[in-house]
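Colleague: here is my input, please return the structure:
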Amino acid sequence: QVQLVESGGGLVQPGGSLRLSCAASGFTPDYSAIGWFRQAPGKEREGVSCIDRRSGSTFYADSVKGRFTITRDTAKNTVDLQMNSLAPEDTAVYYCALEQRGSSCIFLRHTGMDYWGKGTLVTVSS
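Modeller: Model (predicted):
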């Protein structure tokens, strides 16, 4: 079965950086996309960034464009999210998610994602 395991969360000061990593296993090689979503306390889950498997195209929420970068390592089956210039509003649990078929990920819609990791907490605070 598909397993997604996130790592790299923690406490960081405003303006700092963190790198999240998602180790994926058990997936079929023809999945559609994989990406990162987040959920802040009291808020709805939102899309952060996704990468299309076939084209390698990347997609970002407006709130993170220019600050976050998603990359994948197909040999290691990992997807990383480099987060720079972090702000308190980036505080959330970050989830890795995989979409088997469809286009939810590239439109950063969490409702169409098929598999989820357990999440890793990112706290941005001084």
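Colleague: which other residues reach stretch 9-29?
Modeller: Applying CB atoms under 8 Å, 6 or more residues apart in numbering, the contact partners of stretch 9-29 are 1-8, 34, 36, 76-88, 94, 96, 98, 100, 115, 117, 120-126. Glycine gets a C-beta too; all of them are placed from N, C-alpha and C.
Colleague: which of those residues fall within helices?
Modeller: Counting by DSSP state H, none of the members of the contacts of stretch 9-29 fall within helices.
Colleague: how much space separates residue 103 from residue 111?
Modeller: According to CB to CB, to the nearest Å, residue 103 stands 12 Å off from residue 111.
Colleague: before we move on, back to that, list buried residues within the contacts of stretch 9-29.
Modeller: Among these, the ones that count as buried by 16 or more other CB atoms under 10 Å are 4, 6, 8, 34, 36, 78-81, 83, 86, 94, 96, 98, 115, 117, 120, 122, 124.
Colleague: excluding its backbone neighbours, what's nearest the residue nearest the centre of the chain?
Modeller: Residue closest to the average C-alpha location in the chain (CA atoms, centre = their mean): residue 36, at 1.5 Å. Leaving aside its sequence neighbours, residue 36 sits nearest to residue 48 (CB to CB, 6 or more residues apart in numbering; 4.4 Å).
Colleague: and what of residue 40?
Modeller: The shortest distance from residue 40 to any non-neighbouring residue, by CB to CB, 6+ apart, is to residue 92 (4.2 Å).
Colleague: what do you get for residue 82?
Modeller: If the residues on either side of it in the chain are set aside, residue 82 comes closest to residue 69, at 4.5 Å by CB to CB, 6+ apart.
Colleague: and that neighbour, what does it touch?
Modeller: 81-82, 84.
Colleague: where does residue 112 fall, phi/psi-wise?
Modeller: phi -100, psi 0 (degrees, to the nearest 10).
Colleague: quick check: it vs residue 33, distance?
Modeller: Applying CB to CB, the value for residue 112 to residue 33 is 10 Å.
Colleague: who's more crowded, these two?
Modeller: residue 33 (26 against 16; other CB atoms under 10 Å).
Colleague: which neighbours do residue 112 and residue 33 share?
Modeller: Common neighbours of residue 112 and residue 33 (CB under 8 Å, 6+ apart) are 99, 103, 105.
Colleague: many thanks, I have nothing further to ask.
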